[in-house]
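Novice: sequence first, predicted coordinates after that:
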Amino acid sequence: MPISRRESGIAPAVRALASQVHPVFMLPPVACSLFGGVLAGAFAPLAGALHTTAIFAAVYTAHIKDGYVDFYLRDEDDDHPLSERGCKAALAGSTALFAACMAGLWLRVGLGAVLLTLPTWLVAYHHAPQLDTNPVTATTGYPLGIALAILGGYFVQAGTLAPIAVAFAAVFLVLLSGVKVIDDAQDFDYDKSIQKRTVAVTVGPRRARTAAYALMATALVLVVALTALSVFPPSSVAAVAGFGAVAGVARRADAELATMLLVRGSYVFLALLLVAVWFRPFA
Ligand SMILES: CC(C)=CCC/C(C)=C/CC/C(C)=C/COP(=O)(O)OP(=O)(O)O
């Protein structure tokens, strides 16, 4: 049985496997792995490459498994580029790549790096059909992966964790959970029809919006508190002001436009925080 569900041959197989690489979802965790490393100061390329590849393999695993479950087990999707065998082969391949990176990190950095990175694969592999059936784990899975990517990226360079890395991980876990609630609200009607329990389906779109903006506000307050505690430098408030302004506009938009604004706002937020920490302009 071929890898592609449509045609046999190497080129269709490669195209089908490549179709499951979603840059919009995959670039942020990979960037966060690198960002964690940059945050640590000195950057060892081999350890950085092993961690970044492991994070890519984890997110790829999540997408392959989610696509397989949605199409072959739940009959939710109309089409899927990979055959059943293709899904299983891709899962085995991404898991083998992840395991090879774990072995490399163990040898190069130590057990701590493995213990901080392994949960990304566990969360990814169990996203569907286990974690995506509960509104809390369906919402926090991807943000948790991002937070772990920052922590692991830092650890593989520094050999330890520091308050600044934990602070970044916590802020992004809370902020992106808020963004994910708005993102999921876009599919409210469809998710309700298939009884997919997102936050919007579980508590209703209005309360989901309130919860989402409360989570984002909590992340911004956390940055201010961590600035007051000197974990973040004073100029970090610029990131709070930047994201706060975007969130203010998004609040008046529909779920689709709000998601687009908030995702871009998250990139600006990360960039402003990075500039604040890296250059410490008012230090
Ligand atoms: C390192 C890292 C970031 C790990 C986290 C991995 C993780 C949990 C990714 C989720 C990616 C995914 C399949 C999103 C779509 O699911 P959905 O259920 O929201 O949407 P869908 O099933 O309707 O497509």
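Specialist: Nice, thanks for sending it over.
Novice: what number of residues lie near the residue nearest to residue 2 when sequence neighbours are not counted?
Specialist: Nearest non-adjacent residue to residue 2, counting by Cβ to Cβ, 6 or more residues apart in numbering: residue 8, 3.8 Å away. (C-beta placed from N, C-alpha, C; glycine too.) Residue neighbour count, defined by other Cβ atoms under 10 Å, stands at 11 for residue 8.
Novice: next: residue 54.
Specialist: Using other Cβ under 10 Å: residue 54 sits among 27 other residues.
Novice: just residue 271 next, same as before
Specialist: Neighbours of residue 271 under the rule other Cβ under 10 Å: 12.
Novice: any idea how far residue 58 is from the residue in the chain that the ligand sits nearest to?
Specialist: In the chain, the residue found nearest to the ligand is residue 145; the distance is 2.2 Å by Cβ to the nearest ligand atom. Look at residue 145 and residue 58: by Cβ to Cβ, to the nearest Å, they are 7 Å apart.
Novice: overlap in contacts of those two?
Specialist: Taking Cβ atoms under 8 Å, 6 or more residues apart in numbering as the contact rule, residue 145 and residue 58 both touch 29, 120, 123, 124.
Novice: buried sites along the helix or strand residue 258 falls within?
Specialist: Secondary structure here is read from DSSP states H and E; on that basis residue 258 sits in helix 255-279. Using 16 or more other Cβ atoms under 10 Å as the test for burial, helix 255-279 gives 255, 258-259, 261-263, 265-266, 269-270, 272-273, 275-277.
Novice: next one: stretch 194-201
Specialist: By neighbour count, and taking 16+ other Cβ under 10 Å as the criterion, the buried residues in stretch 194-201 are 196, 198, 199, 200, 201.
Novice: burial of residue 248, as a residue count?
Specialist: 11.
Novice: distance of it from residue 276?
Specialist: If you go by Cβ to Cβ, the gap between residue 248 and residue 276 works out to 21 Å.
Novice: check residue 118 too.
Specialist: Here the distance between residue 118 and residue 276 works out to 31 Å (Cβ to Cβ).
Novice: what do you get for residue 222?
Specialist: 15 Å.
Novice: what does this structure have sitting close to the ligand?
Specialist: Residues of the chain found near the ligand, taking Cβ under 6 Å from any ligand atom as the criterion, are 25, 29, 55, 58-59, 62-63, 66, 70, 120, 123-124, 127, 132, 141-142, 145-146, 149.
Novice: I figured residue 227 hits residue 237, correct?
Specialist: Yes: contact between residue 227 and residue 237 holds when scored by Cβ atoms under 8 Å: they sit 6.2 Å apart.
Novice: any regions of the protein where pLDDT drops low?
Specialist: For the chain, applying pLDDT under 70 flags the ranges 281-283.
Novice: would you map out the domains in it?
Specialist: Structurally, the chain divides into domains by automatic domain parsing as follows: 24-160, 162-283.
Novice: the helices in the stretch 151-283 of the chain, which residues?
Specialist: Here the stretch 151-283 of the chain has its helices, by DSSP state H, counting those that start in this stretch, at 163-185, 188-193, 199-203, 205-228, 237-250, 255-279.
Novice: how about the stretch 1-150 of the chain?
Specialist: Assignment of helices within the stretch 1-150 of the chain using DSSP H, counting those that start in this stretch yields the ranges 10-18, 23-39, 45-68, 84-108, 111-125, 135-158.
Novice: quick check: which of those helices is buried the most?
Specialist: When you average the neighbours per residue for each of the helices of the stretch 1-150 of the chain (mean count of other Cβ atoms under 10 Å), helix 135-158 leads with a mean of 24.
Novice: how far off centre is that helix?
Specialist: 7 Å (Cα atoms, centre = their mean, to the nearest Å).
Novice: got the angle between that helix and helix 163-185?
Specialist: Taking axes from the mean of the first three to the mean of the last three Cα atoms, to 10 degrees, helix 135-158 and helix 163-185 form an angle of 150 degrees between their directions.
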